[in-house]
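Asks: my questions concern the predicted model and sequence given below.
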Amino acid sequence: MAVTELRCPGCSAPLGPTADASQVCRVAVLLEHTGSRKLAVIAALREHVDLGVAEARRLVEGAPCVLVASLGGQKARALLASLESAGATARLEAVP
């Protein structure tokens, strides 16, 4: 997934996987599709975000949706990697 063309609106730092995490302001993590392994996606979300099972399940079942509205760059990329490893389709979006 190519997100290298996205830039943080406040500081113009790149949001791609190779971007320096200290330069990135805040990003949103958007879940586009859960894939066939919904339980794995719920578990991946709960690893990175303090949510109960019911809350995480509602978010995942509501895809496409915003999972986390504002998260630091490095944490957002870690969540994105976990979601994609679980079979989900997700993306990062700069928070204005």
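Replies: Good, I have the coordinates.
Asks: so for stretch 56-73, first residue to last residue, what's the gap.
Replies: End-to-end distance for stretch 56-73: 21 Å, by Cα to Cα, to the nearest Å.
Asks: and the helices in the chain, which stretches?
Replies: Assigned helices in the chain, in chain order: 38-48, 53-61, 73-85 (criterion: DSSP state H).
Asks: Serialize those to a markdown table and add fields for mean neighbour count and distance to residue 31.
Replies: C-betas here are computed from N, CA, C, even on glycine. Listed next are these as a markdown table, based on neighbours: other Cβ atoms under 10 Å; distance: least, Cβ to Cβ, whole Å:
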| stretch | mean neighbour count | distance to residue 31 |
| --- | --- | --- |
| helix 38-48 | 19 | 8 |
| helix 53-61 | 15 | 7 |
| helix 73-85 | 19 | 7 |
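Asks: who wins for proximity to residue 32 among those helices?
Replies: Nearest of these to residue 32, taken as Cβ to Cβ: helix 73-85 at 9.9 Å.
Asks: could you give me the average pLDDT of the closest one?
Replies: Mean pLDDT, helix 73-85: 93.
Asks: and the helices of the chain: which comes nearest residue 93?
Replies: Among those, helix 73-85 sits nearest to residue 93 (Cβ to Cβ), with 9.5 Å.
Asks: give me the neighbour count for residue 91.
Replies: 19 (other Cβ atoms under 10 Å).
Asks: let me have the helices of the chain in a markdown table, extended by distance to residue 25.
Replies: Conversion of the helices of the chain to a markdown table gives the following (distance: least, Cβ to Cβ, whole Å):
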| stretch | distance to residue 25 |
| --- | --- |
| helix 38-48 | 18 |
| helix 53-61 | 23 |
| helix 73-85 | 7 |
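Asks: of the ones you listed, which is nearest residue 30?
Replies: Nearest of the helices of the chain (Cβ to Cβ): helix 73-85, 9.5 Å.
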